[in-house]
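In: have a look; sequence and predicted model below, questions after that.
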Amino acid sequence: MAPQRPEPLERLLTDALAETPPGRSIWVALSGGLDSSLLVHLASHVCRRVGRSLRAIHIHHGLQTAADGFEQHCQALCKSLDVPLTVVRVSVGSSDGGIEAAARQARYAAFYEHIPAGDCVWLAQHQDDQAETLLLAALRGSGIRGLAGMPYRREAQGLYFIRPWLSVSRKHIEACAHALALRWCEDPTNRDLAIDRNRLRHAVIPSLENRWPHASEALAQSAAHAGEADALLGEYAQAELDTLRLSAECIDAAALATRSRSRQRLLVRTLCQQQHLPTPPKRRLEALLEQLAASVDASVQVSWPGAEARVWRKRLYIMAPLHPLPQWQHTWGGQPGLETPLGALELAVSTQTPLMLRWRQGGEVIALAGRGRRDVKRLLQEADIPPWERERLIMVMRANTCLGVIRPPDRVLWQAADISITRATT
Ligand SMILES: Nc1ncnc2c1ncn2[C@@H]1O[C@H](COP(=O)(O)OP(=O)(O)OP(=O)(O)O)[C@@H](O)[C@H]1O
């Protein structure tokens with residue numbers, strides 16, 4: 001392997017710095033493997049040169065006996081570079097995707113918990129990792145989002161994740177590490193061919209490269225094209241959803257039903273992504289689309305893990321699954337921040353006598369200013385509140401008199417003439 005100079009890799013780090021908000025720290029996600037060990041090494045030079053704050057974070061998964069050795073290596077490396085290191089021990093639970101996916105989940109949860117919002121995390125994945133990710137997605141039958149592989153830059157839960165070396169080959173990184181006589185830890189599981197990614201890395205891709213020497217580069221390039229197409233579709237879908245939106249909660253199902261099937265699929269998936277909900281599996285999605293044009297009175301519900309969709313009065317609602325409500329009622333002195341099963345009630349009311357809060361039971365009547373005594377049921381129908389929400393309203397009661405109807409956490413639907421319920425923030 002011909003030794004490589006590190007300058008091109010350092011230049012990519014300088015480019016990545018431009019993507020990092022000024023005044024915020026950069027954190028190298030340091031596994032202790034070759035790539036991230038080289039990343040923290042070169043990042044320490046680049047950041048020192050331009051006076052940016054650099055830190056490293058190592059997640060100790062505790063999954064293998066070698067894990068302690070990884071931590072010691074990270075400690076020694078960061079000490080030699082004078083880079084502050086945070087080590088987080090996590091316990092890896094179970095996941096449908098196997099132990100690898102569970103470790104990844106635990107790792108990201110640790111990033112979100114231990115890195116301040118607004119900071120930037122640098123990951124050491126490179127072109128060959130991207131090629132593997134694309135092939136894995138294709139073998140799962142993924143759509144364009146999966147085929148886009150890993151993004152260069154992504155924002156999640158207030159953190160910025162950047163992969164500065166996504167366009168660099170593994171060979172180049174390895175040659176640089178050797179040229180610098182760098183030390184790193186070899187993960188013994190990297191050789192385990194029972195793991196899909198390892199099989200691609202050690203058996204499938206080398207065989208492809210025998211015939212097509214630039215196979216990894218070409219696959220990574222395809223992922224980049226798919227990423228661009230995905231982003232573009234996202235922009236179109238976003239603009240179209242804006243025209244279909246009827247309120248913060250729903251879009252026009254009748255208008256959606258007039259679009260082509262492929263457009264409907266894109267719009268429903270984008271709607272889910274906007275709400276940070278999982279997208280429906282193929283069959284569930286088709287079942288939902290079949291029912292988009294249901295009659296006004298029909299009430300359609302299609303569920304999938306982590307989300308559900310409802311069509312009601314020709315409107316499409318997509319939401320997190322509604323869990324059954326527990327038995328609950330509570331005495332309220334009128335102060336904001338009262339914890340309810342649906343979150344903290346951010347409302348206040350000045351009252352001499354304590355009020356009782358409870359779920360709607362039916363039969364409540366409220367005396368409204370200028371409108372007299374009204375059935376809450378009738379008011380809910382007139383206000384077009386969807387049926388599933390009608391059961392999740394909080395009634396403000398004094399003895400048997402209904403004084404207010406609240407949609408948690410802070411929307412007062414109606415209040416009686418002799419009371420004033422206000423938002424705590426105003
Ligand atoms: N235990 C960990 N602690 C902190 N960051 C990690 C850890 N494991 C992985 N990462 C980050 O996620 C990236 C991708 O993980 P992956 O498992 O593909 O890498 P690796 O082969 O373990 O390590 P390397 O990329 O350093 O050779 C790593 O480059 C690293 O930046």
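Out: Structure's in. What do you need? From a predicted model like this one, the values you see are computed outputs, not experimental measurements.
In: give me the number of residues near the closest residue to A66 other than its chain neighbours?
Out: Closest residue to A66 apart from its sequence neighbours, by C-beta to C-beta, 6 or more residues apart in numbering: P188 at 5.9 Å. All C-beta atoms are positioned from the backbone trio N, CA, C, and that covers glycine. Using other C-beta atoms under 10 Å, P188 has 10 other residues around it.
In: same question for L136.
Out: Applying other C-beta under 10 Å, we find 15 residues neighbouring L136.
In: ok, Q361 next?
Out: Q361, neighbours per other C-beta under 10 Å, totals 10.
In: that one: what secondary structure?
Out: coil (DSSP: H, G, I helix; E, B strand; the rest coil).
In: for the residue nearest to it when sequence neighbours are not counted, what are phi and psi?
Out: If you skip the residues right next to it in sequence, Q361 has M395 as its closest partner in space, 7.6 Å away by C-beta to C-beta, 6+ apart. Phi and psi for M395, reported as degrees, to the nearest 10, are phi -100, psi 130.
In: swap in W332?
Out: According to degrees, to the nearest 10, W332 has phi -130, psi 120.
In: regarding this structure, what is its longest helix?
Out: As assigned by DSSP state H, the longest helix anywhere in the chain is helix 215-244.
In: helix, strand or coil for R11?
Out: Applying three-state DSSP: R11 is helix.
In: so how far is A417 from it?
Out: Applying C-beta to C-beta, to the nearest Å, the value for R11 to A417 is 70 Å.
In: that older thread, run the chain-centre distance for the longest helix of the chain.
Out: Here helix 215-244 is found 18 Å from its chain centre; the criterion is C-alpha atoms, centre = their mean, to the nearest Å.
In: helices or strands up against that helix?
Out: The helices and strands touching helix 215-244, judged by 3 or more C-beta pairs under 8 Å, 6 or more residues apart in numbering; DSSP states H and E, are helix 127-139, helix 144-147, helix 205-211, strand 250-252, helix 261-274.
In: which one of the ones you listed lies closest to E19?
Out: Closest to E19 of those is helix 127-139 (C-beta to C-beta; 17.7 Å).
In: mind checking the backbone torsions on whichever residue of the stretch 301-426 of the chain sits closest to the ligand?
Out: Residue nearest to the ligand within the stretch 301-426 of the chain: G306 (24.5 Å; C-beta to the nearest ligand atom). Dihedral pair for G306: phi 90, psi 0, per degrees, to the nearest 10.
In: from what I can see it touches I318, true?
Out: No: using C-beta atoms under 8 Å as the test, G306 is too far from I318 to be in contact (11.1 Å).
In: shared neighbours of those two, anything?
Out: Any residue near both G306 and I318 by C-beta atoms under 8 Å, 6 or more residues apart in numbering counts here, and that gives L277.
In: more neighbours: the two, which one.
Out: Counted by other C-beta under 10 Å, G306 and I318 do not tie: I318 has more neighbours, with 21 against 13.
In: how about that one, secondary structure?
Out: Secondary structure, three-state DSSP: I318 is strand.
In: if I look at it, how far off is Q72?
Out: I318 is 48 Å from Q72, by C-beta to C-beta.
In: what segments of the stretch 251-400 of the chain are strands?
Out: In the stretch 251-400 of the chain, the strands defined using DSSP state E, counting those that start in this stretch lie at 299-304, 307-312, 315-319, 329-332, 338-340, 343-345, 347-349, 355-359, 365-368, 372-375, 394-398.
In: as JSON lines, those strands with mean pLDDT would be great.
Out: As requested, these are exported to JSON lines (pLDDT from 0 to 100):
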{"stretch": "strand 299-304", "mean pLDDT": "92"}
{"stretch": "strand 307-312", "mean pLDDT": "95"}
{"stretch": "strand 315-319", "mean pLDDT": "96"}
{"stretch": "strand 329-332", "mean pLDDT": "90"}
{"stretch": "strand 338-340", "mean pLDDT": "87"}
{"stretch": "strand 343-345", "mean pLDDT": "87"}
{"stretch": "strand 347-349", "mean pLDDT": "85"}
{"stretch": "strand 355-359", "mean pLDDT": "93"}
{"stretch": "strand 365-368", "mean pLDDT": "94"}
{"stretch": "strand 372-375", "mean pLDDT": "93"}
{"stretch": "strand 394-398", "mean pLDDT": "93"}
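In: check the residue of the stretch 301-426 of the chain closest to the ligand and give its pLDDT.
Out: Looking at G306, its pLDDT is 95.
In: quick check: closest non-adjacent residue to it.
Out: Once flanking residues are discounted, G306 sits nearest to P278: 4.1 Å by C-beta to C-beta, 6+ apart.
In: pull the number of nearby residues for the one you found.
Out: 12.
In: with the one 3 residues further on instead?
Out: Burial of P281 is recorded as 11 neighbouring residues (other C-beta under 10 Å).
In: these two touch, right, it and G306?
Out: No: the pair P281 and G306 fails to qualify as a contact (C-beta under 8 Å) at a distance of 10.9 Å.
In: so P21 sits in a helix?
Out: No: using three-state DSSP, the assignment for P21 is coil, not a helix.
In: need the contact list for it.
Out: 118, 120, 160.
In: swap in T279?
Out: T279 neighbours (C-beta under 8 Å, 6+ apart): 268-269, 272-273, 285.
In: for it, give its distance to D252.
Out: According to C-beta to C-beta, T279 stands 20 Å off from D252.
In: run a quick neighbour tally on whichever residue of the chain sits closest to the ligand.
Out: Going by C-beta to the nearest ligand atom, the ligand is nearest to G33 of the chain, at 2.6 Å. Other residues near G33 come to 17 when the count uses other C-beta under 10 Å.
In: just checking, L42 touches L9?
Out: Yes: if you go by C-beta under 8 Å, L42 and L9 touch, sitting 5.6 Å apart.
In: quick check: neighbours shared by those two?
Out: The contact sets of L42 and L9 do not overlap (C-beta under 8 Å, 6+ apart).
In: so what's W165 up against?
Out: By C-beta under 8 Å, 6+ apart, W165 lies in contact with 9, 12, 35, 39, 124-127, 173.
In: ok, which stretches of the stretch 1-150 of the chain are strands?
Out: Taking DSSP E, counting those that start in this stretch as the criterion, the stretch 1-150 of the chain carries its strands at 26-29, 54-60, 85-89, 120-122.
In: how about the residues of the stretch 1-150 of the chain by the ligand?
Out: Contact residues, the stretch 1-150 of the chain versus the ligand (C-beta under 6 Å from any ligand atom): 29-31, 33-36, 57-59, 61, 107, 123-125, 129.
In: quick one: which of these is most hemmed in?
Out: Neighbour max across those (other C-beta under 10 Å) = L30, 30 neighbours.
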